[in-house]
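In: Have a look at this fold, sequence not included:
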């Protein structure tokens, strides 16, 4: 009989913990480890959030920051050209002067956490309509953020935790002068390609190293991780500090069933569609393949990830555990007369969700681009970089005219620098690639709503999707950064007067998009308030010594290096370089199992026993990519780059039976830098913690 | 200003004509060509239908039959093993003894056509309900087919033409001992891969040569095409004889809008999903890639084909032409008092279509496998070879107990041999590949109807899709041909007593599937009768000197070898071998533009000026693949293998502005056989019309 062993918190290495509410008790009881405030502060401030969607850490006093290749890939892609394909071929700057400045990368370091729940909740008066309550809360949040930023100069985000049970103010130091130092060939970073993605054993050098600058000089970093070149041991306790994207562990069974039966399949349709589109186009020429490289990677990754998530949700054992979890809480609530009224919240969520389902298509196609919190890329109906700029510009100017507290979050004063970094990106824009994606997304839109839909007709303006896309892309001036900067400094009248077809389309569709957004928000607000009620009841039942769902903010996870059993086979926790060469040989060194020339040439120099990748049972998900793995001494022993397929269930429930986090070993990184990439100076800086 | 030039019949080389109603007038008026009855009979009887979904022709008195590689690929795939990948690497039998017998290939040669409209219509009494009328007609058709087969021994199919305006009895000679003689590497057959598919210029040796046997000996063929080794000239009139699969040129605007907005996008979702699935699995190992090869090709081909079709339907110019076509007919009908009542048929179709939309999901997932008329592969929810056998067996036994006229068409006496050929196929079945596809289709099913759907629950039997698929595939004995043969000889009780999990599932789901089918058929019957009414009105208005929509039965098309203009560039009609080598060089000989070793080695021997592929404006669509192209002397000058992307609109409307049929030149075939494949004996047989 199968047993998934959905673990009880007490026994397992569960949790994505807040740095101001860490699992000190578990550390002590289970591992006899005492995490001091200094230990925690050091790890927190050495941790770096990549706003392109991932995590990283400082690893030298001179601003070196390490993350995954697949996190850095967005920057590598934007820095590449037909002449230099850094994303595919790798890059190494031997000197500071050779480092390449990123087009629009923003890194955030969490400097402080402050509980502002009382301030936020004070804005809510009893008897307020959901709509009024939502507005009042948003206004309060905007004010807190603005005040904090004005006072400290730091990026200030109010983070909603425990589904609205608690509000924290996170203050970040921003870095927006970030330069590329080192990347291996994508082939090595993503060795085994799509077939090996989310699998184990693995052999991936999924790293990318940046350097942050301030005032044109490498930044001086106080809190950076000391490098341990020998990596962790089997069974050793390790810690992971990073920004997991989103978990749904507190979702009601009803909402999760809708996610399983409708929402995720809908996302998968989109990702499947895009994978097929980009794959076909990318095969036409090397340059096409280069242009689409990063997006193909992302779409494939999402296809596989959400396939795995759906598979987990259709596993009756997992589903029973999810049902049991809710049943237990509901029973505890119904036993307590003070909490009993909270049961109504479940019904309100169900009702709101049913309303959301009805309006979802319009919202999905006009407003939300994709199920990823980070990196807005335009709505599903109008996919591409140019429409994204058009929407940003249109909304930036419209929103600017409103009081700060009433604006959409991305356009508040506190987010100004981040918006401008995005809007004035120097990312290359390719007409053919824009036309390809816009044609397909316009077709998708027309298919979804039908050729007779009035809005479809209005958007297509009597033309075929392809003709319309060509007209928009070739007619717009938004490719030009100066054009964007110039208009951004003006007003809505100037936008209109520009007679730019992409801007005109963005303005035309903004009404329907905002309307869809408003309808969506109204229901989300009902859910938010209901979930907040449930969260408070949960505090009353379970206490507050637990962790909230992930929100792409900094969290602390922990776990031991640990193999697992699959199909009756014991999977050992470590792989090594010898295994890499063996795997390549088994596949005749053919893609996606081929080794780059350099790795074939240098085989004899490498120590084959060097540990390459390892697994641990730390509780991580997407967004944790690039998170440092540290030992008790707070030393860097590895870097998270993936979870195995069994870990995809962690989105909604924890299990440590087979779910594993996959990391690159710190030993492999040093060995490869020195022996394969002739990057001795960089390896020295990592091992010494500072450059020369 | 663009002008698509949707051509009027009189001026264009339009039409997929019946062999008993050929466009003699057009031949004469436009080309001063007189097609004699002997000329027509010869071409008809030299034409071969591949029941795996394509066309071909006899090209020697000793049974040689040529088609496309992508038509023969099904047989090549089924003949291949881990040791011999004929589909990828090609094959050549130097002697008859080396030829490989196909697992389940059936070829049909049309021997006679008889109009049986009167007999069919006599079964319909006025005042019958649609349901009763449908049954009466099906019964009459079954009787005609049975009588004909009993009398002549020939396969006898009643074909519904002009949407029910006319019924013809087609009698075919069947060949089911078919052996593989020659195939090039798939790389050459499908040179340029997915990127070049449906494009032009092209460089494909898309051919595959079989030999038909009777009584263990090469069949003696009276009507075979004489080979012209120099190919056609620019502007030359050519004829195409083959079995186009399905056109929708008489569909109402309402139904075509539903096709555009719902049905084709729905198919595309399925094909996208499968392409992503098989692609990822195929990348894991060479053997996986080999097993999935033919299916990946099919899914990609369908993705691109239907993308092109949707793009055409969303082209306002094409859509206006479609609307104008219907408007013209409706106006003519409404002007004629005798026809006016027919207008109600349009409304009945619209209403029935709306009903079909409601029940479509159940029907699609439980009954219809895919939008392809040929080659049943199991329903969408239960995709795979093993379930296909389970359903065939279950239904064969259930239907056998009914009177012939009341059975589903595939299980009538007249279809017995074809059914048995399929059911007793020796096609290899791979457990892992079956599990992969079944898991995915069960997941697709669960996503579509939701995890709480009672039928989903019943099918999954409390297990995850993957666990259920493993249980079904590893538990069934249907892999064993003898097991299938044995049960086929028994009755429903024996099927039940076998306690085979796949058979049990097929029986369990047969009730809901038949119910879905019944609901579907009821509406289709209403449409069928309404379309027949419109067809009769069309005859009254336009006369009968036109061609019916394609039905995967033999048709005659014609057209001249003719280049076209695309993006202001003139595309010449011919390519040559020199162009092939140039294209490979431009792509560094990397996939999908790489040349097989043999072609690199033999370059110097080949005449670079040999014409390779050519285009003509003949009216063809899918199903025509492998059709011979003949000149006025009825000589083989080429073989159709594709249409360009602009031809995908031909499904629903004719245009000769850019739409082109793409063929391999007969000259290239001989040159390649002699100089690259050392297949001189085969080339001799083609040029002489007989073996030694």
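Out: Received, thanks. Note that this is a predicted model, so its numbers are computed, not measured.
In: which helices and strands does the strand or helix carrying residue A:287 pack with?
Out: In this structure, residue A:287 is located in helix A:286-313 according to DSSP states H and E. Applying 3 or more CB pairs under 8 Å, 6 or more residues apart in numbering or on different chains; DSSP states H and E, we find helix A:286-313 packed against helix A:69-79, helix A:86-89, helix A:264-282, helix A:431-449, helix B:264-282, helix B:431-449. Placement of C-beta: from N, CA and C, glycine included.
In: and residue A:269, how many neighbours does it have?
Out: Residues within reach of residue A:269, counting by other CB atoms under 10 Å in any protein chain shown, total 18.
In: Also residue A:565?
Out: 10.
In: circling back to that earlier point, a markdown table for the helices and strands packed on helix A:286-313, including distance to residue B:520?
Out: Converted to a markdown table, the helices and strands packed on helix A:286-313 look like this (distance: least, CB to CB, whole Å):
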| stretch | distance to residue B:520 |
| --- | --- |
| helix A:69-79 | 46 |
| helix A:86-89 | 49 |
| helix A:264-282 | 24 |
| helix A:431-449 | 22 |
| helix B:264-282 | 15 |
| helix B:431-449 | 16 |
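In: residues in contact with the closest residue to chain B within the stretch 551-692 of chain A?
Out: Closest contact between the stretch 551-692 of chain A and chain B, by CB to the nearest CB, is at residue A:592 (6.1 Å). For residue A:592, the contact set (CB atoms under 8 Å, 6 or more residues apart in numbering or on different chains) comprises A:187, A:190-196, B:283.
In: again, only this time at 7 Å
Out: Residue A:592 is in contact with A:192-195, B:283, counting by CB atoms under 7 Å, 6 or more residues apart in numbering or on different chains.
In: And residue A:68, by the same measure?
Out: Applying CB under 7 Å, 6+ apart, the residues contacting residue A:68 are A:54, A:206-208, A:625-626, A:639, A:641.
In: For those residues, which two are the farthest from each other?
Out: Pairwise distances across these (CB to CB) peak at 11.9 Å, for the pair A:54 and A:207.
In: out of those two, which sits in the more crowded spot?
Out: residue A:54 (29 against 26).
In: so residue A:672 makes contact with residue A:204?
Out: No. Residue A:672 is beyond contact range of residue A:204, at 11.2 Å (criterion: CB atoms under 7 Å).
In: What residues sit buried inside the helix holding residue A:287?
Out: Buried residues in helix A:286-313, counted by 16 or more other CB atoms under 10 Å in any protein chain shown: A:288-313.
In: near chain B, which residues of the stretch 151-300 of chain A?
Out: A:193-195, A:257, A:260-261, A:265, A:269, A:272-273, A:275-276, A:280, A:283-284 (CB under 7 Å from any CB of the partner chain).
In: And these, which is closest to residue B:131?
Out: residue A:261 (34.5 Å).
In: Can you get me a residue count around the closest one?
Out: 22.
In: close enough to count as contact, it and residue B:451?
Out: Yes. Contact between residue A:261 and residue B:451 holds when scored by CB under 7 Å: they sit 5.9 Å apart.
In: How about the contacts made by residue A:260?
Out: By CB under 7 Å, 6+ apart, the neighbours of residue A:260 are A:310, A:313-314, B:451.
In: go on, residue A:15?
Out: Shown in contact with residue A:15 (CB under 7 Å, 6+ apart): A:23, A:547, A:557, A:619.
In: Kindly present the residues you listed as JSON lines, with separate columns for secondary structure.
Out: Output for the contacts of residue A:15, formatted as JSON lines (DSSP: H, G, I helix; E, B strand; the rest coil):
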{"residue": "A:23", "secondary structure": "coil"}
{"residue": "A:547", "secondary structure": "coil"}
{"residue": "A:557", "secondary structure": "strand"}
{"residue": "A:619", "secondary structure": "coil"}
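In: right, and the pair among those with maximum separation?
Out: Spanning the widest gap among those are A:23 and A:619, at 10.5 Å by CB to CB.
In: In the stretch 451-600 of chain A, where is pLDDT below threshold?
Out: Residues of the stretch 451-600 of chain A meeting the criterion pLDDT under 70: none.
In: who in it is up against chain B?
Out: So far as CB under 7 Å from any CB goes, the stretch 451-600 of chain A lies against chain B at A:451-452, A:462-466, A:592.
In: follow-up on the earlier one: got the angle for the helix holding residue A:287 vs helix A:69-79?
Out: With axes from the mean of the first three to the mean of the last three CA atoms, to 10 degrees applied, the angle from helix A:286-313 to helix A:69-79 works out at 150 degrees.
In: next structured bit after helix A:286-313?
Out: Later in the chain than helix A:286-313, the nearest helix or strand by DSSP H and E is helix A:316-335.
In: Next, the angle from that following helix to helix A:286-313.
Out: With the same axes, to 10 degrees as the basis, helix A:316-335 and helix A:286-313 are set at 60 degrees to each other.
In: can you tell if helix A:316-335 touches chain B?
Out: Yes. Interface with chain B: helix A:316-335 contributes residue A:316 (CB under 7 Å from any CB).
In: What is that helix packed up against?
Out: If you count contacts as 3 or more CB pairs under 7 Å, 6 or more residues apart in numbering or on different chains; DSSP states H and E, helix A:316-335 packs onto helix A:253-258, helix A:343-366, helix A:501-542.
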